[in-house]
Every structure is written in C-alpha cells, then in structure tokens.
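1. missing the sequence, but the structure's below:
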C-alpha cells in the first residue's frame, strides 16, 4: 500500500512499507510552488531559540577550549588564542551565516528542509540501485544516517561539558561528574514517553536567558583584555595556521569546527518555524551572543593563560559558578531534547520514504502535529549515548568523536544543494563557483576531523554505518518483495472475469484490502478468495502513497475509481510529514470523491502478512542481508496499527515469499 506510485515494494503481504509517492509536477518547478511564507511572530523566533539553536548555543562550553588545547602547549599562547577566536568567528560567519542562513535555507521542499526534503526534491527515491541517481540515493541515506550518530554524541558531550563546571569550583567533585551526567541522561530518555510538549514550553525562554548570559559574560571578559578584538581580522587565523605546522593546524581546525556543529539544525527545522524567524533569531541574537562569548573566553586566556582547563566558567564571578552550572545543564538538556526529537522525526520520515520498516510511533500531543515518541529508537539512542559517556568519560575525549559526523553531513548537504540549484535552473557556472567554495571549506574541515578517527571519530562512523546498511537493506529487500508481487499479482480484468464466471459467496458488510500498488489485485485478496470462495459484499482496494511534498491537502487526499458496482479502488495520498490514517482517508473519499458511504461503514480491513524466507542463492542480496531483512519484517509494527486501523477491524492473510 505505501509506495511510490506505479509500482514498488510494500510491507508484508501487500501491506505497504512506507514508500514514497510520485509528485505529479516536475520537481524543477518546486521553487515556484512552495508553501506561503509563515507569518512572522515573536513566538516563532522564541521557539527557534530553543529547538534550532540549542546545540550550537551550548558549543561555547567546549569548542573554544578544545581549539586552544589543540595548539599543544600547557598554557594558552596569545597567538594561539587570537588565532582560535578568529578561526571560530569566521567559521560562524562563512559556514553558518552565509552557507546555511543565506543559501541552504532557500533549498526548501514546500517549506520543509533537511536531508529527507533534499532527496525528495531530487527524486532520488525512484533511482535504480546501480544508476548515477542510485549513487545519489546512497549518499543521501548516509547523510540521514549521520544524524543518528550526531544524535548519540550531542547529548553526551553537551551534558558532560556542563557538569564538568563542578571541577572548576570543587576539584574534589571530579569523580562525580560522570555519574551525575549518566543520571541526567537516563532521566532525559525516561521522560521521552511523556512527550516534549511540557519541556517545549520553556525551551525558548530558557535559551533566551542563556544567550543573554553568554553575551554578558563575554562582555565582562573583553573589558579585561580588549586586545582580543584583534581576532576580528581573519588574517590572524590564517597567520597562525600557516606558521603552526600542519599537525597543529589540522588539530585546531577540527576543534574549532565544534563551534559550528548544530548549524545544520537551521535547515533541518525549517518546516517548524520558517526561514525568516530562523534567520532573525540567528543574526539578531544567537550569532552576536556566541561571538561575544568566544571573544570573552579568548580575553580570559590572554589575561590568565593557565585558565585553559575551562575558560567558559572562568568568565563568571565566583558567586555565579553554581547558578551558571545549573543554567548550562538545563541548556544542554534542551539541546539534547531538540536533537532527540529531531531523530524521532527523521525516523518517521524514513519509514514513510520506505527506508525503514514500520516502527511503533506514539503521538504524545493530540493538538500538536509532530509531537511523537518512538520507543525503539529512544532506547537504542539512549544505549548509544550512555555508551559514549562510559567509553570516553570526558568532554575532551568526546570532542574527538563529535566533529567528523557533522562535517561529513555538511559536505553532503552542500553537494545535494548544488544539484537542487541545477535542477531549479540556476546558472551552472554560478552554482559550481559558490557551492564549490563551500564544498572546499567543508572538505577542509572534514579532513581536519578525519585525523581524529582513532581518537574517537570511529564511534559515530560505526553508528552511521549500522543505520545506513539497515536502510539500504530494507530498501533493496522491499524492491525484491515487490518484484515477486508484480509477477504474481492478478490483472483487474482477469479478476473481474473470474468473478463473473464463478460468483463467490458474498459476506455481509464492507471490506477494504490494503495494497502496495495502484494497479492489479493485491495478493492477499486473491488468496482470501481462493481459500474461502467468498468476498465481502462491498469491496475497496486501498493504496496509500507518500508524495514528494510535506503535506497534501485533505481535499486532494483521495482518488476513487469504480471497477465494478461492488468493487472500488481508492488511492490515498499523504505528504512525507504526515501520518497516514486509513479510516480518515476513506472518510475523505466519501466526502470529496463520491465513494458510497456504505463501503466504509463498519469496514473490515484485510492486510497481507508476508513471511520472508531468505534464499541461499545469488539472485537477491547477500545471505546476511536477507536474514537482516527477514528479521526487520518479523519485528516491525503491524500494518493495521501503523495505519490507525482499530485491531478489531483487522484481518490478516498470510503467505510466504522467498528472496
């Protein structure tokens, strides 16, 4: 039932696998058909502070000290301090402000952003595995998988760096830092089932206070050592990097990159707030506060070179240390909550694209779209995050694991953005020049972070590889399943002729047979007829398609085709940001497309349940991938539940398929 229009895989027994539908218009016209610009409201700007900028807003806790430590000296040398501040400043201006805020935010899919939206814009979901577009799909899936690695590392390094402030005030508490961090993180993952709405109400105000405190602390530091303002000159960064030797330069580049991690959230959360609130929040508050704080930390080190262990907390007066630790911990929890919610949303979209099997998704707020909880993902992410804390123990050690995933994701985003710009008809020379410069910068940062693979960079890459292989295995497996169905699926004309030649017993009531295709008769419908010699008196064949747009209007939800007086085909269309509900979709078909009401009254929904048996030959996937695919099919969410069909109305018809 869920698939891209025309053909392609569904879930067990023609139970759709969350495939993506085909948009009727050419994707090159998307730029001209975007959703209307959201009205600019203060609440949107305030909300963006918590959700969009939580990650990058907590980077001052660790990014600057790591950049200075990368110089390799016991104390902070003035040239290294000024060079690090200058490097961070211009990274924020070029990578976040110019690339993301000004350019990447333009690559929206009807107002939505993120890797999933980019893949939809490029139509990569339709690619054949061995084609050039198929390679693009793999690159996009790796980009999506990198977000899971980022989601595991961000809570660990953020909370650890905040709690480590205890060591500044009370060095004897150093041993308590890791246990306290673990307790906070366990509590964070435990409350996910309650939903983020109650936390979300305080996201913006708390982060507003946080950014104000960052700026005030920074101003105090700058006043003590105003010579730090020399870092405004980008040549200070270039001068230090060119004279420090490539080992030191690469180490500092990799550490300074931590200051821009979180910038990708501007694009990923585009659909929640719109480009204007995100840009205004960045340029009017977030960027100034971050820059002032980094300059303040640099000023502290110019005045006290031995403060290198934690220049952020050295900015505050002694009486404010504990309140600042508390505020920093709350801010890092908010940053962690934002990335966890983002991973939940990405998982939902990946399911709807057909990249993952059906997984149980719990909606935690009836009046707020997008407030979801994914139990399986929550606890897998919790295991990965807690493992990161136990393995690396300190934020310094985790810094080596953090940058590589984000730098690779940024490079992939730049590449996909260039392809979208070409698809929209922009001048190829201009696209090559602009995106080429940004890609070069991304590759420099990626190269700098790659030297940290053995220091911890391997960890998010391992997580990324696991997720990417899982997605590609599911995608290929569902294609093999659909290839089997295509060969076995009966033609509509032949089916109707058989009904007329041998009329079946008619059972009272209505029946809806979920199908993975928009043509032909679903396998479980013919199997049910074969074994019972009966059909419901009124039948519909229902297919749900996910289109390459975020939302489909309810009035355009359903298409109804009459096959015989007692048999209709209903095609339901959903955007990849929506939840597919079969009962609601059938109601739309009655209200807007003329489907007789008695075809949906007390309807029994028939779902195919296929059992996949791995076949030991070379025609499908490798044996271990077939085994993995079969495991995912067995343990995925039941199709009826995923499509909001009450359990009492569902009848499953089983079959076995070898791949």
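-> Yes, it's here. These numbers were taken from a predicted model, which means no experiment stands behind them.
2. quick one: secondary structure of residue 434?
-> Three-state assignment for residue 434 (DSSP: H, G, I helix; E, B strand; the rest coil): helix.
3. now do it against residue 104, distance only.
-> Relative to residue 104, residue 434 is positioned 11 Å away (Cβ to Cβ, to the nearest Å). (Each C-beta comes from the backbone N, C-alpha and C, glycine too.)
4. equivalent analysis for residue 518, please.
-> Separation of residue 518 from residue 104 (Cβ to Cβ) stands at 35 Å.
5. more neighbours: which of the two?
-> Taking other Cβ atoms under 10 Å, residue 518 and residue 104 do not tie; residue 104 has more neighbours (26 against 19).
6. pretty sure the more buried one contacts residue 415?
-> No. At 11.6 Å, residue 104 does not count as touching residue 415 under the criterion of Cβ atoms under 8 Å.
7. and the pLDDT for the closest residue to residue 578 other than its chain neighbours?
-> With Cβ to Cβ, 6 or more residues apart in numbering as the criterion, residue 578 has its nearest non-adjacent residue at 5.9 Å, and that residue is residue 551. Residue 551 is assigned a pLDDT of 81 by the prediction.
8. name the element residue 551 belongs to?
-> Per DSSP states H and E: residue 551 is located in neither a helix nor a strand.
9. please apply the same query to the one 10 residues further on.
-> Under the criterion of DSSP H and E, residue 561 resides in strand 558-564.
10. list the buried residues of whichever strand in the chain runs longest.
-> Longest strand in the chain, counting residues (DSSP state E): strand 534-547. Neighbour counts over strand 534-547 (16 or more other Cβ atoms under 10 Å) mark 535-536, 538-547 as buried.
11. stretch 315-334 now?
-> Neighbour-count burial for stretch 315-334, counted by 16+ other Cβ under 10 Å, picks out 315-316, 321, 324-325, 327-334.
12. all helices of the stretch 251-400 of the chain, in order?
-> Counting by DSSP state H, counting those that start in this stretch, the stretch 251-400 of the chain has these helices, from start to end: 265-268, 270-273, 275-281, 287-303, 311-314, 321-353, 375-392, 395-423.
13. which helices and strands sit right next to the third one?
-> If contacts are counted by 3 or more Cβ pairs under 8 Å, 6 or more residues apart in numbering; DSSP states H and E, helix 275-281 sits against helix 42-51.
14. pLDDT on the helix it packs on, on average?
-> Over the span of helix 42-51, the pLDDT mean works out to 74.
15. list the buried residues in it.
-> By 16+ other Cβ under 10 Å, the buried positions in helix 42-51 come out as 44-51.
16. show residues contacting it.
-> The contact list for helix 42-51, computed with Cβ atoms under 8 Å, 6 or more residues apart in numbering, reads 38, 57, 200, 202-208, 211, 265, 269, 272-274, 277-278, 280-281, 285-286, 334, 338, 341.
17. and the angle for that helix with helix 321-353?
-> Between helix 42-51 and helix 321-353, the angle comes out at 100 degrees (axes from the mean of the first three to the mean of the last three Cα atoms, to 10 degrees).
18. following the chain past helix 42-51, name the next helix or strand.
-> That would be, after helix 42-51 and using DSSP H and E, helix 54-57.
19. for the residue in the chain sticking out farthest from the centre, give its distance to residue 538.
-> Centroid-distance maximum for the chain: residue 501 at 52.2 Å, with Cα atoms, centre = their mean. Plainly put, residue 501 is 21 Å away from residue 538 if you go by Cβ to Cβ.
20. kindly report the same for residue 115.
-> Remark: distance between residue 115 and residue 538 (Cβ to Cβ) = 43 Å.
21. check residue 462 too.
-> From residue 462 to residue 538 the distance is 53 Å (Cβ to Cβ).
22. between the helices of the stretch 251-400 of the chain, which gets nearest to residue 456?
-> Closest approach to residue 456 among these is made by helix 395-423 (3.4 Å; Cβ to Cβ).
23. tell me the helices and strands packed up against that closest one.
-> helix 63-69, helix 115-122, helix 132-163, helix 246-256, helix 375-392, helix 428-450, helix 458-488.
24. mean pLDDT for those: which is lowest?
-> Among the helices and strands packed on helix 395-423, helix 115-122 carries the lowest mean pLDDT, at a mean of 78.
25. how about the buried residues of stretch 315-334 in CSV, adding pLDDT and distance to residue 222?
-> Formatted as CSV, these follow (pLDDT from 0 to 100; distance: Cβ to Cβ, whole Å):
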residue, pLDDT, distance to residue 222
315, 90, 10
316, 89, 14
321, 84, 20
324, 91, 18
325, 88, 22
327, 91, 21
328, 89, 20
329, 88, 26
330, 87, 25
331, 87, 22
332, 86, 24
333, 85, 29
334, 83, 26
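26. gap between stretch 45-59 and the chain center?
-> Put simply, stretch 45-59 sits 16 Å off its chain's centre (Cα atoms, centre = their mean, to the nearest Å).
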